[in-house]
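**Q** dropping a prediction and its sequence here:
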Amino acid sequence: METRMKRLREKMTEYSLDYLLVTDKVNRRYLTGFTGSNGLLLIGKNSNHLIVDGRYTEQAQQQTSNTTILTTSSSKNQWVYASEFINGGNVGFEVETIPYQVFKDLKSLTKEMDIRLVETNHLIEKLRLIKSEQELFCLRKAAQLADQAFSYITTIIKPGMSELDVANEIDYYSKRIGSEGPAFETIVASGKRTALPHAHASKKIIQKNELIMIDFGCIFGGYYSDITRTFALGEVNEVIKKAYDQVLFAQKQAIEAITIGGKLKDIDKAARDCLKKELLDRYFSHGLGHGIGLSCHEYPGVDRTSEERIIEGMTFTVEPGVYLAGDFGIRIEDDVYINSEGKAECLTQTKKEWMVIG
């Protein structure tokens with residue numbers, strides 16, 4: 001945590017910030033280790049103050065170091081504490097995630113104190129881009145758990161189960177083998193419902209000879225995995241299999257196009273260009289991927305507008321998909337890590353060649 005704070009203070013100096021107010025839950029955890037859902041972290045040039053209510057005092061004391069823990073009361077709220085430690089100057093705040101009411105309260109301080117509010121954009125998130133060895137260990141473990149859970153579900157899925165049955169089995173088994181919980185609401189779609197990119201698992205009964213799409217993730221040490229596989233439960237139309245092969249080729253080409261110094265939008269284009277040759281690009285309705293780490297969907301986005309450059313230590317998903325409304329959809333997703341050789345290493349290892357079960 002000390003290294004992270006040191007890097008952040010260097011950035012604060014670069015942006016002429018005297019203080020930084022951290023309101024994002026994940027950023028608070030990244031900087032201090034505190035996992036509580038509520039709290040205000042005030043970072044100065046030489047001190048850190050974490051202001052919490054009485055529910056979190058003991059937890060914060062146990063989880064943090066080199067951070068002063070302050071507990072609010074009916075007579076002393078977080079802004080009274082903040083006003084005692086802010087001694088004028090530039091106060092940065094997280095423009096992307098600050099709750100509106102918190103922003104209003106913060107702005108009211110400017111009327112009482114000689115401070116200037118400064119918007120920060122992804123200041124901490126950009127520090128989170130580069131994963132440490134410990135972070136990578138947790139990401140690998142989360143990916144391994146997802147691989148193991150997917151392998152398990154392919155041994156029990158069968159016609160007659162509902163999509164919700166399958167999702168519940170994945171969630172329960174994942175926890176049994178060590179996941180801290182589902183990374184997000186587990187997606188299970190079958191038949192024509194695979195054309196819905198983020199279909200909620202429903203009570204629909206899975207039929208023989210249907211396409212199945214499963215998208216889920218696991219959590220280990222607070223770090224996330226995210227994997228999608230699409231496969232057949234029995235025999236399906238050859239058109240589907242052909243489209244699958246084209247999506248798989250697009251994913252592989254995108255991964256091969258990853259180079260240190262390149263822009264994320266270039267790998268989105270690589271996948272899109274592959275699908276365009278097969279007239280499928282118009283059915284690719286989302287970005288190629290997203291950052292992954294302490295959040296399942298974190299900065300940066302991997303899409304056609306992303307100017308962020310690829311650097312060693314980054315982790316993000318690569319997940320091209322095509323969705324033909326009322327017919328079928330296909331998505332293939334892996335988590336990748338940019339290693340010291342500048343190569344994209346897939347953390348999720350489940351096979352992705354066309355698969356038929358039963």
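**A** Noted; the coordinates are in hand. Residues are numbered from 1 along each chain as shown.
**Q** and the spatially closest residue to residue 281 that is not a sequence neighbour, what does it touch?
**A** By the measure of Cβ to Cβ, 6 or more residues apart in numbering, the closest residue to residue 281 outside its immediate chain neighbours is residue 275, 4.2 Å from it. Glycine gets a C-beta too; all of them are placed from N, C-alpha and C. Residue 275 makes contacts with 246, 247, 250, 281, 283, 284, 320, 322, as judged by Cβ atoms under 8 Å, 6 or more residues apart in numbering.
**Q** correct me, but the fourth one touches residue 269?
**A** No - using Cβ atoms under 8 Å, residue 281 is not in contact with residue 269, being 10.3 Å away.
**Q** who does the helix or strand where residue 7 lies touch, helix- and strand-wise?
**A** Assigned by DSSP states H and E, residue 7 falls within helix 2-14. Contacts defined by 3 or more Cβ pairs under 8 Å, 6 or more residues apart in numbering; DSSP states H and E place helix 2-14 against helix 25-32, strand 40-43, helix 123-128.
**Q** which positions within that helix qualify as buried?
**A** Using 16 or more other Cβ atoms under 10 Å as the test for burial, helix 2-14 gives 4, 8, 9, 11, 12.
**Q** I'd assumed residue 44 was in contact with the third one.
**A** Put plainly, it is residue 9. No - the criterion here is Cβ under 8 Å, and residue 9 misses it with residue 44 at 9.0 Å.
**Q** partner strands of the helix or strand following the helix holding residue 7, parallel or antiparallel?
**A** Of the helices and strands lying after helix 2-14 in sequence (DSSP H and E), the nearest is strand 19-22. Strand pairing for strand 19-22, using DSSP bridges, gives strand 40-43 (antiparallel), strand 89-94 (parallel).
**Q** looking at these, which is buried most?
**A** Using mean count of other Cβ atoms under 10 Å, the stretch among those with the largest mean neighbour count is strand 40-43, at a mean of 22.
**Q** who touches that strand?
**A** Contacts for strand 40-43 (Cβ under 8 Å, 6+ apart): 5, 8-9, 12, 19-23, 27-28, 31-32, 34, 48-52, 67, 78, 82, 85-86, 102.
**Q** separate out the buried members of the residues you listed.
**A** Neighbour-count burial (16+ other Cβ under 10 Å) applied to the contacts of strand 40-43 gives 8-9, 12, 19-23, 27-28, 31-32, 34, 48-52, 67, 78, 82, 86, 102.
**Q** any idea how far residue 156 lies from residue 228?
**A** Between residue 156 and residue 228 the distance is 19 Å, computed by Cβ to Cβ, to the nearest Å.
**Q** who's more crowded, the two?
**A** For residue 156 versus residue 228, neighbours defined as other Cβ atoms under 10 Å are more numerous around residue 228 (23 against 11).
**Q** and whatever helix or strand the more buried one lives in, what does it pack against?
**A** Using DSSP H and E, the element containing residue 228 is strand 227-233. When contacts are defined as 3+ Cβ pairs under 8 Å, 6+ apart, strand 227-233 packs onto helix 133-156, strand 210-216, helix 238-256, strand 328-331, strand 356-357.
**Q** does anything pack onto the last one? Which helices or strands?
**A** This means strand 356-357. With 3+ Cβ pairs under 8 Å, 6+ apart as the test, strand 356-357 has strand 227-233 packed against it.
**Q** quick one: mean pLDDT for the helix or strand hosting the residue nearest to residue 281?
**A** Taking DSSP H and E as the criterion, residue 275 maps to helix 264-277. On average, the pLDDT along helix 264-277 is 98.
**Q** would you mark the buried spots in it?
**A** Using 16+ other Cβ under 10 Å as the test for burial, helix 264-277 gives 264, 265, 266, 267, 268, 269, 270, 271, 272, 274, 275.
**Q** swap in stretch 295-311?
**A** 295, 296, 298, 299, 300, 301, 302, 303, 306, 308, 310.
**Q** of these, closest to residue 354?
**A** residue 302 (24.5 Å; Cβ to Cβ).
**Q** now the strands paired with strand 19-22 in JSON lines, with mean pLDDT?
**A** Formatted as JSON lines, the strands paired with strand 19-22 follow (pLDDT from 0 to 100):
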{"stretch": "strand 40-43", "mean pLDDT": "97"}
{"stretch": "strand 89-94", "mean pLDDT": "96"}
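**Q** and of those strands, who's closest to residue 347?
**A** Shortest distance between residue 347 and these, using Cβ to Cβ, is found for strand 89-94: 27.9 Å.
**Q** next, the angle from the closest one to helix 2-14.
**A** Interaxial angle of strand 89-94 relative to helix 2-14 (axes from the mean of the first three to the mean of the last three Cα atoms, to 10 degrees): 120 degrees.
**Q** pLDDT on the next helix or strand after strand 89-94, on average?
**A** Proceeding N to C from strand 89-94, the next assigned helix or strand is helix 100-112, under DSSP H and E. On average, the pLDDT along helix 100-112 is 90.
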